[in-house]
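[1] Coordinates for the following, if possible.
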Amino acid sequence: MADNDSDNDNGSDRDRENRNAVRDSAPDLRILGDQITLQPSGFEEPPRGAGHVEKEEALMKNMARFRSEPLQFLREVSLYVSGTGWRAYDDFIGQPVFYPGFSEHIKTEVMSATLLQTKISQLADMRVEIEEKEGLLNKDDRDFQMKRSRRRAVIIQSLQEVAENLTENMICKLESKKFIRGAYYMVTQLLLRAYHQGIHVSSEEVLRLRKVAEEAERKKQSIIFLPCHRSHVDYVSLQLLCYRLGLSMPTIVAGDNLNFPLVGSFLQHAGAMFIRRSFGDDQLYTTLVQAYIEVLLRGGYNLACFIEGGRSRTGKLLPPKFGILSFVLESLLSGRVDDAIICPVSTQYDKVVETEGYVTELLGVPKKKENLADFLSGGSSVLSLRLGRVDVRFHEPWSLRGYITEQITRLSKVPSAINIDWRDTKNAVVRQKLLRTLGYKVLADINEVSVVMPTALIGTVLLTLRGRGVGKTELIRRIEWLIARVRAKGGRIAHFGNAPLADVIDRGLDVLGKDLVGVVNGLAEPTYYAVDRFQLSFYRNMTIHLFISEALVAAALYTRVKRGGGPSIQDIPYKDLRDQVLFLSSLFRGEFIFSGEGLAVNLERTLAGLEADNIIVIERDEEGNITKVGLTDAERAVGRENYDFYCFLIWPFIESSWLAAVSLMGLSPPLGLKEDIWIQVSKAQNSAQLLGKTLYHQGDLSYFEAVNKETIKNSYQRFQEEGIIQVVRSRDTKVPPRLRLAPEWRPARDDVTGNLLATGRLWDFTEKIASSRREGKNRRDGATVSTRVVKLTDELGQKLFEDAVKNAEAKGAAPPRLSSEDAKALGRIVKEEKRRRTMENRAHL
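    So this is what the prediction gives:
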């Protein structure tokens, strides 16, 4: 593969062929035969009549099809079969892969790792000691030592065999270039039939990445790609790009749920390593994964894992999962690996093929286990879709060793609420702090380089407007406004050359399809409306990270705006605004990625931006301190359209948190209950979801997407972190997690009727969330919630208690009472949670 166009003899002919092609791609890269021309980002097509005009293409574009272009199709196939040019995958940047014996080499390295062998010896010693205590080995035998040594050797041999089998099933098997060439051709054909506008990248980012890869190859260091995860297409597109750009393809960490017949073997030979979703207390397996990761890092092999763990069903980034990152960090902090290069990756889609399935899962339908039949039937149906394009962006790579050093230096200089030496990297608290900051740093980097697709713009506008629908002219106007806001916030819009915005919107509407966005014709102008708001919210959530600060300020201000009346009534004192923003930002700490600069700096910047946009007016005292905030007359004159935009972004999440908090009211134990009954966590969350569906259809909930399982689950996680609920996870993996409402948070009951009373700490907490909640047209929040909604919540809660006791003996049920061992664990958990909250030194609910 070449980085510049040296094929001058044929270049002009190819230019003429491409000149009349539809401009459906970003002007980043041009592919002419085997050559790639890298154009500077921001390249603009010269005006007509300016002479020779170059045409850029997507990095990966549809190949010829046999029916329409049989000769070209056969020519392309022959190029792949013969391994011509870059297709041979011979001259790539990075450590050697795809050669016979690669798997055996890696397996040998893993099995001989000192870390693994030491653990096997320890486990063997532990087992021998147990057998001695149980009398299986008699110390009084004259040949006791010999028997003991033999038994230990047998155990070691057995553990070695188990480790070998686990390794065989885990490691990727990059053995054959013929295989990967064929796989590349086949997968590219399939993928680009679905994503018919190709895969796009930034030329500047590609050049930078290749330069970093060359340096990493020289130092024998690994590049660890950390992409976001919205689709199974994520790892396919990353591997395709590395192949096409001449980079050593990474080993991709994948869940063993994908290791089913035929498909699992294919993925393993294409770069997947399979690991369990949960390791439990399996010390051998944990050490084996650590050893494998270290073999890859010491060998300078590239690695990729999804920072969010599983796929995001909501469209926005999920909180980081620290599993694989903890192994990587351990390797560096222990000194067994010198350094690795981190490269956050953003993958954005015009349309994500799985969104319909995501909606089904979020509404409570259990996820189906992956299998070959569904894979084949789903794949064949996808090929007929026209899903637009994929945009992949690479953040500037950075040294993990350098980041660790920088963080330790920073933490050592900052006063801490606990007495700790932040330079002691063996300390568990220090490691946990480094791990968390690393995870959120990667998420912030992903958000920084993400591009906003046309479908995300359309979805965001349609779900942030009042009324049933919007005309084409108004849709274009609001999208223009949104594009300006995205750019002002430092975001990027997907590049469509100089195509008129109206054409780009038409293309986006076509990709979304009539199942998501409908159109009413025969009116004064075509009018568009959201058909499936739940599914469309996936695309709205792709933009929310850019405006979360403005949305929180708008929601805090809404506590006064919802009162109605004149401007003076709707103005809010700065202290009240700040307190509510602090409360909401803490409430959504696990839901969104916030700036690390702190509330004061972020709030000041956000208010200044909203003031500059003429949305809010700020009153200051003589010393320049903010005293009061309100809406401007200009914003009121345009019907609060810009202010409402920010409110509409955050309201579904406020609604979901409110729903989760209300559902906790029902977890207050019934009168006369002598001992605590513990409720299965999943059943409590399902009950909250049922409550939400009921309230939506009865008019007490404004947004159906507020009942989605993921957001409710996140809210419960936050409530656990704050000690509102207590969760116990038994050592017995067959016993599911259980919860109870913390005693100090339980609402009171009427001594006579036993009914829940809308008073107390939890009720006040719920009301504080509700103060920023959207006011319904046909409801009055206070009276409705304190009577009918609380009564319904209590009825569902009582059913949870009854079922927990009645079904205690059923297979797979969670015991309603704690064992003595679990009770001790609870004490440790409560103590640890308090210590953690003190250590974090953050604002709490």
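[2] C-alpha only now, for contacts and for neighbours.
    Fine.
[3] what about Ile769, which SS state?
    For Ile769, the assignment made with DSSP: H, G, I helix; E, B strand; the rest coil gives helix.
[4] from memory Pro319 sits against Phe588, does it?
    No. Assessed by Cα atoms under 8 Å, Pro319 is found out of contact with Phe588, at 10.9 Å.
[5] quick one: average confidence on the one helix or strand Ser158 maps to?
    Per DSSP states H and E, Ser158 falls inside helix 144-170. The average of the pLDDT scores along helix 144-170 is 91.
[6] Can you give me the distance of the most far-flung residue of the chain relative to its centre to Arg151?
    No residue in the chain sits farther from the centre than Arg142, which is 61.5 Å out by Cα atoms, centre = their mean. Distance, Arg142 to Arg151, by Cα to Cα, to the nearest Å: 15 Å.
[7] and whichever helix or strand Leu238 is part of, what's its mean pLDDT?
    Leu238 belongs to helix 233-245 when assigned by DSSP H and E. Helix 233-245 carries an average pLDDT of 92.
[8] ok, then the element right after it?
    Using DSSP H and E, the first helix or strand after helix 233-245 is strand 251-255.
[9] Quick check: what element follows that next one along the chain?
    Next element after strand 251-255 (DSSP H and E): helix 263-269.
[10] Quick check: mean pLDDT of that next one?
    Across helix 263-269, pLDDT averages out at 90.
[11] buried set for that helix?
    For helix 263-269, burial by neighbour count (16 or more other Cα atoms under 10 Å) applies to 264-269.
[12] From the rest of the structure, what touches it?
    171-175, 180, 258-259, 274, 372 (Cα atoms under 8 Å, 6 or more residues apart in numbering).
[13] What pairs with whatever helix or strand comes next after that helix, parallel or antiparallel?
    Once helix 263-269 ends, the next helix or strand along the chain (criterion: DSSP H and E) is strand 272-275. Each strand paired with strand 272-275, and its direction, by DSSP bridges: strand 251-255 (parallel).
[14] mind listing the strands for the stretch 51-200 of the chain?
    For the stretch 51-200 of the chain, the strands defined by DSSP state E, counting those that start in this stretch occupy 199-200.
[15] The stretch 351-500 of the chain now?
    390-394, 398-399, 451-452, 470-471, 492-493.
[16] Which one of those strands lies nearest to Gly522?
    The closest of those to Gly522 is strand 470-471. By Cα to Cα, the value is 12.1 Å.
[17] circling back: now the buried members of the contacts of helix 263-269.
    Listed as buried from the contacts of helix 263-269 are 171-175, 180, 258-259, 274; burial here means 16+ other Cα under 10 Å.
[18] Mind putting these into a markdown table with distance to Ile223?
    As requested, those are exported to a markdown table (distance: Cα to Cα, whole Å):
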| residue | distance to Ile223 |
| --- | --- |
| Ile171 | 18 |
| Cys172 | 17 |
| Lys173 | 19 |
| Leu174 | 17 |
| Glu175 | 20 |
| Ile180 | 20 |
| Leu258 | 24 |
| Asn259 | 25 |
| Phe274 | 19 |
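[19] Closest one to Ile120 out of those residues, please.
    Among these, and counting by Cα to Cα, the member closest to Ile120 is Ile171, at 19.1 Å.
[20] got a list of what that closest one touches?
    Going by Cα under 8 Å, 6+ apart, Ile171 touches 103, 107, 268, 272-274, 292.
[21] quick one: which of the residues you listed is nearest to Arg298?
    Tyr292 (10.0 Å).
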